[in-house]
Every structure is written in structure tokens, then in C-alpha cells.
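Peer 1: please find the sequence and the predicted model below.
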Amino acid sequence: MAKVSDFIDAPPAAWTGRHDGAGEEHLRWHERVRLLGEDSQNDAADVTVLGFASDEGVERNQGRRGAAEGPAAIRSALGSLSLLAPVASIDLADAGDVTVTDDRLEEGQERLGQAVAAVIDSGSLPIVLGGGHEIAFGTYRGVARSARRSAPGQGSENKPAKFGVLNLDAHFDLRSAPRATSGTGFRQLLELEEEQGSEVSYAVVGISEAANTQTLFDTAEKYRVKYLLDTDCGVTRRAEVLDFVQSFLAENDLIYLTVDLDVLPAATAPGVSAPAARGVHLEIIEAVCDLVAASPKLAAADIAELNPAFDLDGRTAKTAARLAHRIATHHFERKIHD
Ligand SMILES: N=CN[C@@H](CCC(=O)O)C(=O)O
Ligand SMILES: [Mn+2]
Ligand SMILES: [Mn+2]
């Protein structure tokens, strides 16, 4: 079986963070994460972090370069986060980064797909740290080529698993372009599935009417995309948002969760290529991540678009780290209670 290290360009570096003492009562991420290398015997951690160091897709989409530095900034913010008693036994691994050099984005997405599939097939949950939202086509390829995709769906011996992609984003990212960009990923995957005669359902939480043109809404309709506008996702609408997500979980057998940090208000996530004037409050985004992470259907997650060059006092990196932490710990808590 292929190992994740076969597809990695930059092996993981040592994690750092605050150290308060040796006991488990002081535990933080940097003291728990083990680094995966070519010689690692057991790759199947509960959660495996890997990075996608790319901003080529953002550049091609007329955006602001800098997201290639995102994975390092998220790891740095994750390092000092506490692992409290209920999750102190979580096995966390870092596989290192897939790196996009020059303009070889498509190659990088392919390698990311192979790395993600290797992690899933080892029995671990991959959380991929971006990187521009071109990460999505790579992570999707990983879920699509994993054994979980070809396993039969629930309640049916013959039908393949129903695959749902849930995007938390101000944008549809359904653009048509001659080459892959950070704005084309979901159109690419919908077209690929159509060509293959297979199916994927795509849903988005947080769409901004001001930041998507009519042609993008028309494309969303063509592909029967389910979505909630940012104006439907205020903190008083939490129950409706969670109902929307719960229905999507119920309709599918296998879920890929992707978080584009520009779904959050610019005050919470200034360090992105396209900050949101309104956005969806972190309280709602967190509740959605918690719900999805606690589902055994979750196959992979990623967090995209952190651009440290535009961050203010590391607040976007801290937010990204907090979401990665919640996805990891909610996944683990469900796993140990099952
Ligand atoms: N990842 C994609 N992003 C948006 C960027 C929008 C903007 O730059 O204003 C999109 O393509 O729609
Ligand atoms: Mn976006
Ligand atoms: Mn996006």
C-alpha cells in the first residue's frame, strides 16, 4: 500500500510551542504530534495533518499571493493549543507538505490527491492545511480515489457511496477557466464526475450575493448546488444552518469538508486574498465544523486561503488553527465513544 511520505515534497519539521511541564495535564499539540517520515512504521494516527503550500491558483485567479506560507503559519498557531483530558490520548501526526513550485499546480493537486488517499486508506482522518482554495480539487481527488469512495453506500450492497462536498465559503468557486485556479475547483470536480458518469453533491454555506456573479449562480443552479447565503447564516439562524448541514450529512455516505477562511468576517479573518465585508460569524462556522467532524461519514477536511502576509497579529492563523483543533478533537471524541 502506498504511504503518504511517497507523495510529500517537504518532510515535516519539528513542532514548537509553550511547555508548562511533563505531565498530560500540561499537554499541547506540539507535544503530541509525531512526524511521519519514510521510515514511519505506523501511519494510522487518529488525525494526520498535511500541508498544501500553494498560491499558484490564487495568482491565476487574480488574487493576492502569499497563501503558500499558510500551512507553516497554521502549524505554528496549532502548536500551543491545549489537549484537555478527554482528548489527551489522541494520536496526531504531521506528514509534511505537498509543495507547488513554479506554475505546476495540476501536478501538485495530483500529488495531494495521492497523499490524501494514502492517509484515508491507512485509517486516519486527513486535515489538509492550505494554501489557496485550489487545495479543494486535490483533496477531492484524494477522497475520490480512496477505498471509502468505492465502498458500498449505506443500506445498499450494490450502489456506491454517495459523495457530498460541503464548502464553507463566500464564493461558489464554480468558475470556468482555461486552467485550474483557486476559483474553479468545484466546477472541475462536478465536470469530472459528470464525465465519469458518477455523482457528487455540492453544498455551500455562506455565499455572498455581492461576491458571485449571475453566471456563477446559474452554474450553481445547473449543478443543483444547495447553498445558504451569508444573510441566512446569522447567529440567530444557528438551528436552520445546522438543519441544512444535518440534511446534507443524512443524504450522503461520505463527506469532504472544506473551509475557505474568507467565509468569516474580515475582522476575524483579515489574512485572506478576498476578505468578507459581512461574512458568517465564527460561532456558526465552528458549530458546523463540530457537527461534521462528529460524523463518521467525514473522510477528509481542509482549511484554505490563509495568507499570513495580510494577517493582523496572527488572528486568521489562530482562527484556522482553532477550526483544525475542533475538527480533530470532535472527530476523535466521536471515535472513542463509538
Ligand atoms: N477562491 C476563490 N475566490 C473568489 C475570489 C473573489 C475575489 O477575488 O474577489 C472567486 O474566484 O470568486
Ligand atoms: Mn472564498
Ligand atoms: Mn473558495
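Peer 2: Noted; the coordinates are in hand. Residues are numbered from 1 along each chain as shown. Ligands and ions are numbered 1, 2, ... in the order given.
Peer 1: the closest residue to ligand 2 within the stretch 101-250 of the chain - how many residues pack around it?
Peer 2: Per Cβ to the ion, residue 171 is where the stretch 101-250 of the chain lies closest to ligand 2, at 3.7 Å. (Glycine included, C-beta is placed from N, CA and C.) Residue 171: 25 surrounding residues under other Cβ atoms under 10 Å.
Peer 1: one more: residue 264?
Peer 2: Residue 264 is flanked by 27 other residues according to other Cβ under 10 Å.
Peer 1: how about residue 187?
Peer 2: Neighbour tally, residue 187, other Cβ under 10 Å: 23.
Peer 1: check contacts around it.
Peer 2: 173-176, 219, 223 (Cβ atoms under 8 Å, 6 or more residues apart in numbering).
Peer 1: tell me the contacts of whichever residue of the chain sits closest to ligand 1?
Peer 2: Residue nearest to ligand 1 within the chain (Cβ to the nearest ligand atom): residue 183, separated by 2.7 Å. Residues in contact with residue 183, defined by Cβ under 8 Å, 6+ apart, are 57, 61, 133, 171, 173, 175, 177.
Peer 1: can you pull the contacts of the last one?
Peer 2: This points to residue 177. 60-61, 183-184.
Peer 1: surely the residue of the stretch 101-250 of the chain closest to ligand 2 is in contact with residue 274?
Peer 2: Yes: here residue 171 lies in contact with residue 274, judged by Cβ atoms under 8 Å, at a distance of 7.4 Å.
Peer 1: could you give the mean pLDDT of the strand or helix carrying residue 242?
Peer 2: In the assignment (DSSP states H and E), residue 242 maps to helix 238-251. Helix 238-251 shows a mean pLDDT of 98.
Peer 1: can you give me the offset of that helix from its chain's centre?
Peer 2: 18 Å (Cα atoms, centre = their mean, to the nearest Å).
Peer 1: what's it packed up against?
Peer 2: Applying 3 or more Cβ pairs under 8 Å, 6 or more residues apart in numbering; DSSP states H and E, one finds that helix 238-251 contacts strand 163-168, strand 200-207, strand 226-229, helix 282-293.
Peer 1: okay, now the sheet partners of the helix or strand following it, with direction.
Peer 2: Once helix 238-251 ends, the next helix or strand along the chain (criterion: DSSP H and E) is strand 254-260. Next to strand 254-260 in the sheet, as set by DSSP bridges, lie strand 163-168 (parallel), strand 298-304 (parallel).
Peer 1: what angle do the shortest one and helix 282-293 make?
Peer 2: Angle of strand 163-168 versus helix 282-293, following axes from the mean of the first three to the mean of the last three Cα atoms, to 10 degrees, is 160 degrees.
Peer 1: close to ligand 3, is strand 163-168?
Peer 2: No: Strand 163-168 does not reach ligand 3 (Cβ under 5 Å from the ion); its nearest approach is 6.9 Å.
Peer 1: about what we covered before: which of the contacts of residue 183 tops the neighbour count?
Peer 2: Comparing the contacts of residue 183 by number of neighbours (other Cβ under 10 Å), residue 133 comes first, having 34 neighbours.
Peer 1: beta partners for residue 53?
Peer 2: The partner residues for residue 53, given DSSP bridges, come to residue 99.
Peer 1: that one touches residue 74, doesn't it?
Peer 2: No: assessed by Cβ under 8 Å, residue 53 is found out of contact with residue 74, at 11.2 Å.
Peer 1: the two - which one has more neighbours?
Peer 2: Using other Cβ under 10 Å as the criterion, residue 53 and residue 74 rank with residue 74 on top: 28 against 23.
Peer 1: that one reaches residue 323, doesn't it?
Peer 2: No: contact criterion Cβ under 8 Å: residue 74 and residue 323 do not qualify, at 9.3 Å.
Peer 1: touching, residue 32 and residue 92? I think so.
Peer 2: Yes: between residue 32 and residue 92 there is a contact at 5.0 Å, judged by Cβ under 8 Å.
Peer 1: ok, these two, which is more surrounded?
Peer 2: residue 92 (23 against 18).
Peer 1: what packs against the lowest-mean-pLDDT helix or strand in the chain?
Peer 2: Least confident element among the helices and strands of the chain, by mean pLDDT, DSSP states H and E: helix 147-150 (a mean of 94). Taking 3+ Cβ pairs under 8 Å, 6+ apart as contact, the helices and strands that helix 147-150 lies on are helix 105-122.
Peer 1: is there proximity between the helix it packs on and ligand 1?
Peer 2: No: on the criterion Cβ under 6 Å from any ligand atom, helix 105-122 is out of touch with ligand 1, staying 13.2 Å away.
Peer 1: what about that helix, average pLDDT?
Peer 2: In the prediction, helix 105-122 has an average pLDDT of 98.
Peer 1: show me what from the stretch 201-338 of the chain comes close to ligand 1.
Peer 2: 273-274.
Peer 1: for the stretch 201-338 of the chain, give the residue positioned nearest to ligand 3.
Peer 2: residue 260 (3.5 Å).
Peer 1: pLDDT at that residue, what is it?
Peer 2: pLDDT, residue 260: 99.
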